[in-house]
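[1] build the 3D model from these lines:
(one chain, ligands or ions: 1)
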Amino acid sequence: MTTTTSFDNEAASSPTMPVVQLDDVGKSYGNVQALRGVSLSVRQGEITCVLGDNGAGKSTLIKVIAGLHEHSDGVLTVNGEERRFKSPRESLDSGIATVYQDLALAPLMSVWRNFFLGNELTGRFGTLDATKMKRIATEELTKMGISIPNLEQPVGMLSGGQRQCIAIARAIHFGAKVLILDEPTAALGVKQSGVVLKYIVKARDAGLGVVFITHNPHHAYLVGNHFVVLKLGRVALDTHRADITLEQLTNEMAGGSELEALSHELRDIDAGAVVRPSGRPAQIQSPLEST
Ligand SMILES: Nc1ncnc2c1ncn2[C@@H]1O[C@H](COP(=O)(O)OP(=O)(O)OP(=O)(O)O)[C@@H](O)[C@H]1O
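    Numbering: from 1, shown residues only. This next block holds a predicted model:
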């Protein structure tokens, strides 16, 4: 078996018009400026990874694109048309599907009901057409290579990875042009993360523009075509795969220059011999050890 990487199909190198574009977008919550001057292009057939530490502004960025919050400054365009979403429905209607980590699906409902949640098919007398919905859900999940033996099963009984995959398949089936995934691998183990990453690539290969929000540079680099790092609400890095290595991305995420400055400070403290009552120098934990 030959191993191909997801970006052998380097759609990113052909510049197409961005489906979603942010120009100088800012968002403040009262006195808190969560985003400042953020410019970002999301293109179809490309995975844009948005990375950043806690509080960097990732969730705020999603909320602006997904219609949960209006931006305070700058311009958001979808297919070249300026938009200012007043609700998630408006964002969805313009082809943007957002999958939140915990809220992707209704846990007590069956797999097929979840697949059609909000888009239910009805028969001639306005009753739910369960047979048709089950058939389509089976077909669509099979098409994506997602194997769920029993579609009557409540979604809450599935693994976190399976739930994310169903939400991705649903977005593709209902014609999303852009898929925003909010930390889809954050709560998953290595194997399940791998499965979800595979479906993120499938969504890209189906022609969607994918925005993959993550803390994890390793996950981002496995699938990403385009990397944007946010720091304190600003874009600290915006680059394409050909222009960055995994090491550089990891270093950028870890705050390379800040860490270097910190390591100097720690060395100075160490040289000043922080002495415990026991007489032994204190162990200073590297900030990297806690992450
Ligand atoms: N509703 C809100 N009201 C006030 N401040 C907020 C609100 N939401 C976010 N913030 C602030 O905006 C900044 C960016 O937060 P945001 O949640 O967007 O970051 P994040 O990168 O998603 O962080 P995390 O990875 O921890 O979720 C933070 O300083 C946060 O405290």
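[2] name the SS class of residue 69, please.
    Three-state assignment for residue 69 (DSSP: H, G, I helix; E, B strand; the rest coil): coil.
[3] right, and it touches residue 63 too?
    Yes - under the criterion of C-beta atoms under 8 Å, residue 69 makes contact with residue 63 at 4.3 Å. No exception for glycine: its C-beta is placed from N, CA and C like everyone else's.
[4] ok, those two, which is more surrounded?
    Legend: neighbour count by other C-beta atoms under 10 Å for residue 69 and residue 63, higher for residue 63 (21 against 18).
[5] for residue 25, see how far away the more buried one is.
    Applying C-beta to C-beta, to the nearest Å, the value for residue 63 to residue 25 is 12 Å.
[6] residue 62 too?
    To residue 25, residue 62 is 12 Å away according to C-beta to C-beta.
[7] give me the common contacts of those two.
    Between them, residue 62 and residue 25 have no joint contacts when contacts are counted by C-beta atoms under 8 Å, 6 or more residues apart in numbering.
[8] just the helices in the stretch 1-150 of the chain please.
    Along the stretch 1-150 of the chain, the segments classed as helices by DSSP state H, counting those that start in this stretch run 58-66, 88-93, 111-115, 130-143.
[9] can you lay out those as CSV showing distance to residue 219 and mean pLDDT?
    Putting the helices of the stretch 1-150 of the chain into CSV (distance: least, C-beta to C-beta, whole Å; pLDDT from 0 to 100) gives the following:
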stretch, distance to residue 219, mean pLDDT
helix 58-66, 14, 95
helix 88-93, 25, 92
helix 111-115, 25, 91
helix 130-143, 23, 90
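[10] any chance of these in a markdown table, plus distance to the ligand?
    Formatted as a markdown table, these follow (distance: least, C-beta to the nearest ligand atom, whole Å):
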| stretch | distance to the ligand |
| --- | --- |
| helix 58-66 | 3 |
| helix 88-93 | 16 |
| helix 111-115 | 25 |
| helix 130-143 | 30 |
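[11] among these, which comes closest to residue 270?
    helix 58-66 (34.3 Å; C-beta to C-beta).
[12] distance of the nearest residue to residue 48 once chain neighbours are set aside from the ligand?
    Excluding the flanking residues, the one nearest residue 48 by C-beta to C-beta, 6 or more residues apart in numbering is residue 226, at 4.5 Å. For residue 226, the distance to the ligand (C-beta to the nearest ligand atom, to the nearest Å) stands at 18 Å.
[13] which strand residues bridge residue 226?
    Under DSSP bridges, the beta-bridge partners of residue 226 are residue 48, residue 240.
[14] surely it and residue 50 touch.
    No - assessed by C-beta under 8 Å, residue 226 is found out of contact with residue 50, at 9.5 Å.
[15] who has more neighbours, those two?
    Of the pair residue 226 and residue 50, residue 50 is the one with more neighbours under other C-beta under 10 Å, namely 27 against 23.
[16] any idea how far residue 227 is from that one?
    Distance of residue 50 to residue 227, computed by C-beta to C-beta: 8 Å.
[17] just for this structure, where's the confidence low?
    Of all residues in the chain, those with pLDDT under 70 make up the ranges 1-15, 102-104, 255-264, 271-291.
[18] could you pull out the strands for it?
    20-29, 32-42, 46-52, 73-78, 81-83, 96-99, 178-182, 209-214, 226-231, 234-240 (DSSP state E).
[19] distance to residue 199 for those - can I get that in JSON lines?
    JSON lines is the format used below for these (distance: least, C-beta to C-beta, whole Å):
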{"stretch": "strand 20-29", "distance to residue 199": "21"}
{"stretch": "strand 32-42", "distance to residue 199": "18"}
{"stretch": "strand 46-52", "distance to residue 199": "12"}
{"stretch": "strand 73-78", "distance to residue 199": "24"}
{"stretch": "strand 81-83", "distance to residue 199": "27"}
{"stretch": "strand 96-99", "distance to residue 199": "11"}
{"stretch": "strand 178-182", "distance to residue 199": "10"}
{"stretch": "strand 209-214", "distance to residue 199": "10"}
{"stretch": "strand 226-231", "distance to residue 199": "19"}
{"stretch": "strand 234-240", "distance to residue 199": "23"}
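[20] among those, which is nearest residue 148?
    That would be strand 96-99 among the strands of the chain, by C-beta to C-beta, at 17.0 Å.
[21] just checking: what are the partner strands of that closest one?
    Strand 96-99 has the following strand partners under DSSP bridges: strand 178-182 (parallel).
[22] perfect, I'm done here.
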